[in-house]
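Undergrad: Fold the following for me, if possible:
(4 chains)
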2 protein chains.
Amino acid sequence: MDPRLKKYLESTLKEVSIDCTIFGFHAGELKVLLLRWKGTDSWSLPGGRIFLEESANEAAVRILRERTGLQEIFLQQFYTFGAANRYKNFSPDELIKTLELTFGEDFFDEKLMKRNISIGYMALVEFEQVVATPDWYTDECRWWEISAVPTLLFDHNDMIETALKALRQQLSYQPIGYNLLPEKFTMPELQRLYETILDKQLDRRNFQKLMLSYDILEKLPEKRTGGAFKAPFLYKFDKEKYDRAIQEGITFKV
Amino acid sequence: MDPRLKKYLESTLKEVSIDCTIFGFHAGELKVLLLRWKGTDSWSLPGGRIFLEESANEAAVRILRERTGLQEIFLQQFYTFGAANRYKNFSPDELIKTLELTFGEDFFDEKLMKRNISIGYMALVEFEQVVATPDWYTDECRWWEISAVPTLLFDHNDMIETALKALRQQLSYQPIGYNLLPEKFTMPELQRLYETILDKQLDRRNFQKLMLSYDILEKLPEKRTGGAFKAPFLYKFDKEKYDRAIQEGITFKV
DNA sequence: TTTCATTGTGTACAATAAACACAAAGATTT
DNA sequence: AAATCTTTGTGTTTATTGTACACAATGAAA
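TA: Below you'll find the model as predicted:
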């Protein structure tokens, strides 16, 4: 076994790990970041182990930074997946073959298929700022449109579904757009984000009225030109008011 | 070491465990069930390990049944506590002494102080139906008024605080009274439950109107006599409508 | 200059939440 | 038996919030 891998395994928890559902928003679509395992066509969520002297939250921050280059972003636990057999939704043969392609034969039985519990974290990031970076056990790291996600390894499809539910709930009482949009954005863009996540149409006028009523947006004098038709105004979040609103537990109703 | 203990340790996960915050409601007060460790004055939440072939959720159900005799009740994960050192809020010497009193000297270092992550579950139970039963490592199991909880072992005070926050949130979109009240109850009792959990006063008339509007309560022809003053009517949850409401994700607003 | 699809804006109506008061019940006291 | 006490039961009015909806203006493209 690769000595670096051996060291990693020895200095991390064995029974618990972390998986991150990283959401991004681009071109009116909600995306998740996925990894393709070395030498395979199998995809999974970014994840990793927790170092012995590291908290679960710190591990999640680290994993997120390693995959995206980003720090200080919206990141939170949403569920801990503790089923006795988190592999049962997949043909064991196929899964084993996949893992062996990546890790080699001696590795799989002892370490990987052991009973494992995963703490699910959800992150919201600015699509444009992400530098998608593969793991040491993956060949490729890229965004997938949420509705086009393939069948993933382990129980990772369930995880995305659960994360999406949590995201929708969050959206109802937290101004989530801050983390998913670029610094400057238009009202229609913000609305499309909400419509995409909630999967329903919203009234343009009422949406704008509502968003402005929270008093966390700043209307800029500029417009977004270049698109076809009338140019919309740009807005940005007023960081100070935004933070205060989060602190005070502003109640969003969308 | 006690061979039964040894067997238990060997057939369970070592790095992850479960702690349950069990809420009850009695005499207008919100309570939690706590355990006193053998030979000590130290209290903690009920908890336990996860058997290798058991899911985390199954383990939580089992632990709850062992401590309360109850099954099929409101029970859900609310947070996973993954700090690197969940003991740091306590004097190490004192904690070690406490654990040694219960487990003996050889035990502590190897097994108990190892890095451990705990999945926090929250349960709501009918106070009157609980048969509070100690563990093999505890002398006493009893209810504590939530505002009178002493300093607990490990990070269990944090856990209760976090569970309470989750409970308050839940209360806003789930008809939680069903699990905390006896089969028959009066409207003032239901209101007091809400007021206690939310820690704020509610208007009697508006509260009743709201509760009845959800159409999950059945007004019984009986009244609760015996108390001083005018006897209030009894109500009970209409289980069928209640289940349907939960299913459809009824939105409570209190 | 005309056309086009989009943006910007305000008002009327409906639904929901909040405030509020008085009569009646049952136990207790006189 | 009557009076007293505190709680319960109930409905209306007002304020707030949410929903529906239409037309003029903009910038790009034809």
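Undergrad: SS state for A:V254?
TA: Assigned with DSSP: H, G, I helix; E, B strand; the rest coil, A:V254 falls in the coil class.
Undergrad: do you know how far it is from A:E10?
TA: Distance, A:V254 to A:E10, using C-beta to C-beta, to the nearest Å: 47 Å. Just so you know, the C-beta spots here come from the backbone N, C-alpha and C atoms, and that holds for glycine as well.
Undergrad: Compare the two (neighbour count), which wins?
TA: Between A:V254 and A:E10, counting by other C-beta atoms under 10 Å in any protein chain shown, A:V254 is the more crowded of the two (18 against 9).
Undergrad: residues in contact with the closest residue to the more buried one other than its chain neighbours?
TA: Spatial nearest neighbour of A:V254, excluding adjacent residues (C-beta to C-beta, 6 or more residues apart in numbering or on different chains): A:Y194 at 5.8 Å. Taking C-beta atoms under 8 Å, 6 or more residues apart in numbering or on different chains as the criterion, A:Y194 is in contact with A:171, A:177, A:202, A:207, A:254.
Undergrad: Most neighbours of all the residues you listed, which one?
TA: The member of the contacts of A:Y194 surrounded by the most neighbours (other C-beta under 10 Å) is A:G177, with 23 neighbours in all.
Undergrad: wait, doesn't it sit right on A:F237?
TA: Yes: A:G177 is in contact with A:F237 according to C-beta atoms under 8 Å; the separation is 7.5 Å.
Undergrad: Contact distance from chain B - what residues of chain A qualify?
TA: A:13-16, A:50, A:52-59, A:77, A:79-80, A:82-84, A:115, A:117, A:119 (C-beta under 8 Å from any C-beta of the partner chain).
Undergrad: Just checking: what are the partner strands of the longest strand seen in chain A?
TA: When chain A is parsed with DSSP state E, its longest strand is strand A:12-26. Sheet pairing for strand A:12-26, assigned by DSSP bridges, gives strand A:29-37 (antiparallel), strand A:47-51 (antiparallel), strand A:117-124 (parallel).
Undergrad: which SSE is whatever residue of the stretch 51-200 of chain A ends up closest to DNA strand C in?
TA: The nearest approach of the stretch 51-200 of chain A to DNA strand C comes at A:P188, 3.2 Å away (C-beta to the nearest atom of the strand). Counting by DSSP states H and E, the element that carries A:P188 is helix A:187-198.
Undergrad: Just give me the neighbour total for the residue of the stretch 1-150 of chain A found nearest DNA strand D.
TA: Ranked by C-beta to the nearest atom of the strand, the top residue of the stretch 1-150 of chain A for proximity to DNA strand D is A:A27, at 17.6 Å. By other C-beta under 10 Å, 8 other residues sit near A:A27.
Undergrad: Quick one: list the elements packing against the helix or strand that the helix holding A:P188 is followed by.
TA: Elements were assigned by DSSP H and E; along the chain past helix A:187-198, the next helix or strand is helix A:204-213. Identification of packing neighbours for helix A:204-213 by 3 or more C-beta pairs under 8 Å, 6 or more residues apart in numbering or on different chains; DSSP states H and E yields helix A:187-198.
Undergrad: mean confidence for the helix it packs on?
TA: Taken as a whole, helix A:187-198 has a mean pLDDT of 96.
Undergrad: what do you get for stretch A:70-86?
TA: In this model, stretch A:70-86 has an average pLDDT of 94.
Undergrad: Would you mark the buried spots in it?
TA: Neighbour counts over stretch A:70-86 (16 or more other C-beta atoms under 10 Å in any protein chain shown) mark A:70, A:73, A:75, A:77-84, A:86 as buried.
Undergrad: Kindly reformat those residues as CSV containing secondary structure.
TA: Converted to CSV, the buried residues of stretch A:70-86 look like this (three-state DSSP):
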residue, secondary structure
A:L70, coil
A:I73, coil
A:L75, strand
A:Q77, strand
A:F78, strand
A:Y79, strand
A:T80, strand
A:F81, strand
A:G82, coil
A:A83, coil
A:A84, coil
A:R86, coil
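Undergrad: of all those, which two lie farthest apart?
TA: Across these, the longest distance by C-beta to C-beta is 34.3 Å; it joins A:L70 and A:A84.
Undergrad: Can you report how many residues lie near A:R62?
TA: 16.
Undergrad: what residues are up against the residue of the stretch 51-200 of chain A closest to DNA strand C?
TA: A:P188 neighbours (C-beta under 8 Å, 6+ apart): A:204, A:232.
Undergrad: Now with 7 Å, please.
TA: For A:P188, the contacting residues are A:P232, by C-beta atoms under 7 Å, 6 or more residues apart in numbering or on different chains.
Undergrad: same deal with A:S118?
TA: A:S118 touches A:17-19, A:81, counting by C-beta under 7 Å, 6+ apart.
Undergrad: Among these, which ones lie close to DNA strand D?
TA: Here nothing survives when the contacts of A:S118 are matched to DNA strand D using C-beta under 7 Å from any atom of the strand.
Undergrad: Take those and write them to CSV, including distance to A:L164.
TA: Supplementary listing: the contacts of A:S118 in CSV, determined by distance: C-beta to C-beta, whole Å:
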residue, distance to A:L164
A:S17, 21
A:I18, 18
A:D19, 14
A:F81, 15
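Undergrad: where does the stretch 51-200 of chain A come near DNA strand D, residue by residue?
TA: Neighbours of DNA strand D within the stretch 51-200 of chain A, by C-beta under 7 Å from any atom of the strand: none found.
Undergrad: can you give me the strands in the stretch 51-200 of chain A?
TA: With strands called from DSSP state E, counting those that start in this stretch, the stretch 51-200 of chain A shows them at A:74-81, A:117-124, A:138-145, A:185-186.
Undergrad: just the angle between the first one and strand B:74-81, please?
TA: Just to be clear, that refers to strand A:74-81. Counting by axes from the mean of the first three to the mean of the last three C-alpha atoms, to 10 degrees, strand A:74-81 lies at 130 degrees to strand B:74-81.
Undergrad: Now strand A:74-81 - C-alpha only, CSV.
TA: Extracted as CSV, the C-alpha positions of strand A:74-81 are listed here (Å, rounded to 0.1, in the frame of the first residue of the first chain):
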residue,chain,number,x,y,z
PHE,A,74,-21.9,28.5,3.8
LEU,A,75,-21.3,25.0,5.1
GLN,A,76,-23.5,23.0,7.4
GLN,A,77,-24.3,19.6,8.6
PHE,A,78,-27.7,18.4,7.4
TYR,A,79,-27.9,14.7,8.3
THR,A,80,-25.8,11.8,9.5
PHE,A,81,-26.1,8.6,7.4
